[in-house]
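1. Based on what follows, work out the 3D shape:
(chains A and B)
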Amino acid sequence: MTSYFNEMYQDGAVRAPYARLEDWMRTMPAEFRQMKQAEAEALFRRIGITFAVYGEGGDPDRLIPFDMFPRVFTATEWGKLERGIKQRARALNAFLVDVYGRGEIVRAGRIPARLVYQNEAYEKAVVGFVPPKGVYSHIVGIDLVRTGAEDFFVLEDNCRTPSGVSYMLENREIMMRMFPDLFRENRIQPVDSYSDRLRRTLASVAPAKCRGEPTVVLLTPGHFNSAYYEHSFLADLMGVELVEGQDLFVEGEYCWMRTTEGPKRVDVIYRRIDDAFLDPLCFNPSSMLGVPGLMDVYRSGGVSICSAPGAGVADDKAVYTYVPEMVRFYLGEEPLLQNVPTWQCAKADDLKYVLDKMEELVVKEVHGSGGYGMLVGPKSSKAEVEAFRHKVMEDPDNYIAQPTLALSTTPTFVQEGIAPRHVDLRPYCLVGESIDLVPGGLTRVALKEGSLVVNSSQGGGVKDTWVLAE
Amino acid sequence: MRLIVDHVTRYTYDVPVRGVVQSHRLTPSAFDGQTVLEWSVEVSDGIPGGVFRDGAGDRVQSWSVQGPVSEILVRVRGTVETVDLAGVLRGHREVAKPEVYMQETAPTRVDTALIELSKAAEGAANQLDAAHKLSDAVAEAIAYRPGATTAHTTAAEALALGEGVCQDHAHALIALARHIGIPARYVSGYLFADGDGKQHEAAHAWAELWMPGLGWVGFDPANRCCPDERYIRLGSGLDALNAAPIRGTARGQGQESLDVTVAVVAAQQ
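-> Below is the predicted model:
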């Protein structure tokens, strides 16, 4: 029987960050809790925050379940995490600038050339280009899990367009509305400055040709996209235009937005569409979502694109293994956040181990996300493991494996009352002229008893995440 | 050799379009094998975009044309002094690593027939010998016949057909080279038709393979040779689409038709 770190109780005593929540929890009458839960759902429905789940059918406007029991960090705990997250975000960006330039880390033999240059996320079209301020990934979402009081591990990095930050903001908003007393009794650091900070970060990487206040837009694939709510929500909070590809066009050296008062020059595009769809003249020629000619404007310094095309080569699950090495190589520091030990099925010895021990491991596709295309060995049937073993044998390069981690638990409201459920954490680190992190993030919780999969597409929910003031 | 190029591409639309954007790789590469004496690219009613040199060393420029427009003329004219470097791309500056050109693309994907053909390189004395053997094998396997294939034909399809044009030869050679671990890329350019009685396409394409110690070396299976002073190199890419001298798109409903004339002649010395 694996033991799990319980973030609220340790050795029978309440841990400091949760001290003030103990009473709140104990004294809450069942009817009051049910009433509040219903109220939370109604509020989420009303603001329209929903999440479509790919390939599952059913209601595309399904709510992600919200759990009212907050997840809490002390200022000291957070301070440590913050340093580790910022360190990692700096290293990932240094790596990106390097591998699209001289490739020193490859020359030094610290990462295999094949893994970088033959990676399908490596974008030949941006080779030799250094984006403004040397930043490729402007919003780095780092998925963390905790296994002990002092033990945090990075599960994966998201350098392209990590989603979910709207939940971080909405969860806080709803909690403050429903439980104002809690926010008087606890000194909780605010997260609502995120949208301002995001806007500042984006404006700080405007191209050198930009004069005056930069015009920032948010480029969405459209309302059928599962994260469309988040796109419109963020554009609204930042006070920038939400645009689709057809609203933009290229003329001369610049990219322009159609407006009722005529064309307006665009300086920074926060894009929430994939590289392949950005520009049919450079990438997928049949894409209708992008802006023809955009990449030429980008490369000749007429517009900034965030995240920069090509950023995906840093968050590949096989490249992940080398992130601690990047920290040492570029920053000359020891990594503050640890990686989860990872077996790469592309290596013969690792593959043999993975095939032998598959029922104990978590096996993932190198380019997979959202909890799709993965196997949680201990939670799977013999037949499921066997089927997955065949998939891995057919295409070993496409898989990595990790030990099943003992994810920490936090108290969660369930049918029977309150029970521990496993959680992870995704903070959103902003990288522009400076590097910035709001004290908080998105806590995802596996609502099913014993489940270790927190993805919303696999029955996960979300919680408000508190960082207490000193 | 001093070569004079006149290359006109005429786009016509049956219904006027609202606007056109094009991305051009239409400037001869800078390397020891060729020196540009004069060069101009004109686009009728075109607004020039920013210019940059990409990671492969190609000079790229975009052009936009405001509609309504029913005809666009792209005219490339210039004079280039060339020397024979036996295909070696000496003195070419680029940032892209050769390994990047191991990436498979749809038209350069191998099938069982291509894998079989790659065995032509078995027993080669060295990489260079292997490259020549592969190039010869492609020339043997795919006969030159204009009109047999289209712009979208893959290397595998051309081999199955046994016929094709320079684009198919280049794709097939690239597929074979990558399959045996040699980085390879598509090159577009011009070829001087010297009246030797053989058929030539003045707008031409070939492949470059990465040879340790030599760097990029051109191979032209279509003409069973390495590029010499009759060749003008424009740009490169993973495949024909990626290396296209002109990529463009029009906004609007009009059907596009295309008319290309290319003349490459030798200057009277």
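2. Show residues contacting stretch A:192-204.
-> A:133, A:138-139, A:165, A:168-169, A:172-173, A:213-214, A:216, A:234, A:237-240, A:268, A:270, A:304, A:306, A:428, A:430-434, A:436, A:438 (Cβ atoms under 8 Å, 6 or more residues apart in numbering or on different chains). C-beta coordinates here come from the backbone N, C-alpha and C atoms, glycine included.
3. where exactly do the helices run in the chain?
-> Here I'm looking at chain A. A:19-26, A:30-47, A:75-99, A:104-107, A:113-117, A:165-178, A:180-185, A:194-204, A:228-238, A:275-278, A:294-299, A:323-326, A:348-356, A:382-394 (DSSP state H).
4. My question was about chain B, not that one.
-> In chain B, the segments counted as helices under DSSP H are B:112-118, B:127-141, B:155-161, B:166-179.
5. picking that back up, dump the helices of chain A into CSV; add distance to residue A:316 as well.
-> Below are the helices of chain A laid out as CSV (distance: least, Cβ to Cβ, whole Å):
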stretch, distance to residue A:316
helix A:19-26, 39
helix A:30-47, 34
helix A:75-99, 11
helix A:104-107, 14
helix A:113-117, 8
helix A:165-178, 22
helix A:180-185, 40
helix A:194-204, 24
helix A:228-238, 24
helix A:275-278, 13
helix A:294-299, 21
helix A:323-326, 11
helix A:348-356, 16
helix A:382-394, 17
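6. Now do the strands in chain B.
-> Shown for chain B, the strands assigned by DSSP state E span residues B:2-24, B:34-43, B:46-53, B:59-82, B:143-144, B:163-164, B:184-191, B:203-211, B:215-219, B:231-237, B:246-251, B:256-266.
7. I'd like the ones you listed laid out as TSV, including mean neighbour count, distance to chain A and mean pLDDT.
-> Output for these, formatted as TSV (neighbours: other Cβ atoms under 10 Å in any protein chain shown; distance: least, Cβ to the nearest Cβ, whole Å; pLDDT from 0 to 100):
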stretch	mean neighbour count	distance to chain A	mean pLDDT
strand B:2-24	19	4	96
strand B:34-43	15	12	97
strand B:46-53	18	3	96
strand B:59-82	19	4	96
strand B:143-144	16	27	94
strand B:163-164	23	21	96
strand B:184-191	26	10	97
strand B:203-211	25	12	97
strand B:215-219	23	15	98
strand B:231-237	25	8	97
strand B:246-251	20	4	94
strand B:256-266	14	14	93
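8. do you know how far the residue sitting furthest away from the middle of chain B is from residue B:51?
-> When distances to the mean C-alpha position of chain B are computed (Cα atoms, centre = their mean), the maximum falls on residue B:68, with 31.5 Å. For residue B:68, the distance to residue B:51 (Cβ to Cβ, to the nearest Å) stands at 27 Å.
9. got it, and residue A:424?
-> When Cβ to Cβ is applied, the distance between residue A:424 and residue B:51 equals 47 Å.
10. and what of residue A:177?
-> The span separating residue A:177 from residue B:51 equals 54 Å under the rule Cβ to Cβ.
11. ditto for residue A:386
-> Separation of residue A:386 from residue B:51 (Cβ to Cβ) stands at 57 Å.
12. likewise residue A:331?
-> 35 Å.
13. now swap in residue B:64 and tell me
-> Taking Cβ to Cβ as the criterion, residue B:64 is separated from residue B:51 by 14 Å.
14. now residue A:260
-> 33 Å.
15. Equivalent analysis for residue A:434, please.
-> Per Cβ to Cβ, residue A:434 is found 32 Å from residue B:51.
16. now swap in residue B:231 and tell me
-> 24 Å.
17. The residue most central in space within chain B: what's it in contact with?
-> Closest to where the C-alpha atoms of chain B average out (Cα atoms, centre = their mean) is residue B:188, at 1.6 Å. By Cβ under 8 Å, 6+ apart, the contact set of residue B:188 is B:25, B:203, B:204, B:205, B:234, B:235, B:236, B:237, B:240, B:243, B:244, B:245.
18. Any idea how many residues pack against residue A:39?
-> 14 (other Cβ atoms under 10 Å in any protein chain shown).
19. What sits closest to it if chain neighbours are left out?
-> The spatially closest residue to residue A:39, leaving aside those adjacent along the chain, is residue A:178, at 6.1 Å (Cβ to Cβ, 6 or more residues apart in numbering or on different chains).
20. Test my guess that the one you found contacts residue A:68.
-> Yes - with contact defined as Cβ atoms under 8 Å, residue A:178 and residue A:68 form a contacting pair (7.4 Å).
21. More neighbours: the two, which one.
-> Comparing residue A:178 with residue A:68 by neighbour count (other Cβ under 10 Å), the higher total belongs to residue A:68, at 20 against 16.
22. any idea how far residue A:169 is from residue B:46?
-> Where residue A:169 is concerned, residue B:46 sits at a distance of 46 Å (Cβ to Cβ).
23. I meant residue B:15, not that one.
-> Relative to residue A:169, residue B:15 is positioned 47 Å away (criterion: Cβ to Cβ).
24. swap in residue A:313?
-> Here the criterion is Cβ to Cβ. By it, residue A:313 lies 29 Å from residue A:169.
25. List the contacts of the residue nearest to residue A:39.
-> Each residue near residue A:178 by Cβ under 8 Å, 6+ apart is listed here: A:36, A:39, A:40, A:43, A:68.
26. To what extent is residue B:150 buried, counted in neighbours?
-> As a burial measure, the neighbour count of residue B:150 was computed by other Cβ under 10 Å and equals 11.
27. which residues does it contact?
-> The neighbourhood of residue B:150, defined by Cβ under 8 Å, 6+ apart, contains no residues.
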